[in-house]
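**Q** Okay, predicted coordinates and the sequence, questions at the end:
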Amino acid sequence: MADFRHNYVWHKRYALRFSSYAWLAFKCGLKTADQLARRGIPVNTNCTLCAQAAESHSHLFFECDFSFGILYHLIPQFRTLLLRPNHFQAYNSVDDLNYNGDIHHLFYLMISAAIYYIWRARNDRLFGNCIDCQITVVRKIKRALLFKTMN
């Protein structure tokens with residue numbers, strides 16, 4: 001993990017909100033159910049998005065069927081991966097794609113935006129009683145990216 005490059009999430013043209021959440025996710029700084037349980041806070045440790053595994057950073061953002069489906073929609077090249085990537089591998093796999101630097105940065109931004117909106121979808125389900133499907137979350141991400149890249 002020491003090889004994680006800062007330019008994956010921190011870039012002058014990125015949305016600070018997306019970068020902040022992506023960095024927190026990379027550093028395991030978001031308060032997922034497993035972290036709350038470790039601190040003695042009684043919570044349901046099942047993943048709110050898929051209810052198939054315990055919620056952790058690695059599961060919530062990359063192992064969860066719901067979350068990885070979102071990444072599939074945004075970056076179809078992820079379908080060629082044999083295994084689901086972890087946080088670092090998701091960004092690093094973009095480097096292996098044959099695109100120029102600007103497209104790489106757009107993919108980095110997509111992953112960071114996906115992390116932010118997956119976290120929001122999780123919190124909306126937990127605290128707002130609002131359950132968005134994958135397609136709705138993908139549309140929110142695409143709309144945010146369009147707005148960010150047009151400005």
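**A** Now that the structure is in, tell me what you want to look at.
**Q** Remind me what the longest helix along the chain packs against, helices and strands.
**A** Taking DSSP state H as the criterion, the chain has its longest helix at helix 101-127. On a contact count with 3 or more C-beta pairs under 8 Å, 6 or more residues apart in numbering; DSSP states H and E, helix 101-127 meets helix 16-26, helix 65-74, helix 87-95, helix 134-150. For every residue, glycine as well, the C-beta is placed using N, CA and C.
**Q** The first one - contacts with which helices or strands?
**A** Right, the one you point to is helix 16-26. Counting by 3+ C-beta pairs under 8 Å, 6+ apart, helix 16-26 packs on helix 87-95, helix 101-127.
**Q** Select, out of the helices and strands packed on helix 101-127, the one closest to residue 48.
**A** Nearest to residue 48, of all the helices and strands packed on helix 101-127, is helix 65-74, at 9.2 Å by C-beta to C-beta.
**Q** before we move on, what SS does the residue lying farthest from the centre of the chain have?
**A** Going by C-alpha atoms, centre = their mean, the residue of the chain most distant from its centre is residue 40, 26.1 Å out. The three-state label given to residue 40 by DSSP: H, G, I helix; E, B strand; the rest coil is coil.
**Q** can you list contacts of the lowest-mean-pLDDT helix or strand in the chain?
**A** In the chain, the helix or strand scored least confidently by mean pLDDT, DSSP states H and E is helix 87-95, which has a mean of 75. Residues outside helix 87-95 that contact it (C-beta atoms under 8 Å, 6 or more residues apart in numbering): 1, 3-5, 8-9, 25-26, 57-58, 61-62, 71, 75, 77-78, 81, 85, 104, 107-108, 111.
**Q** make it 7 Å
**A** Helix 87-95 is contacted by residues 1, 4, 8, 25-26, 61-62, 81, 85, 104, 107-108, 111 when judged by C-beta atoms under 7 Å, 6 or more residues apart in numbering.
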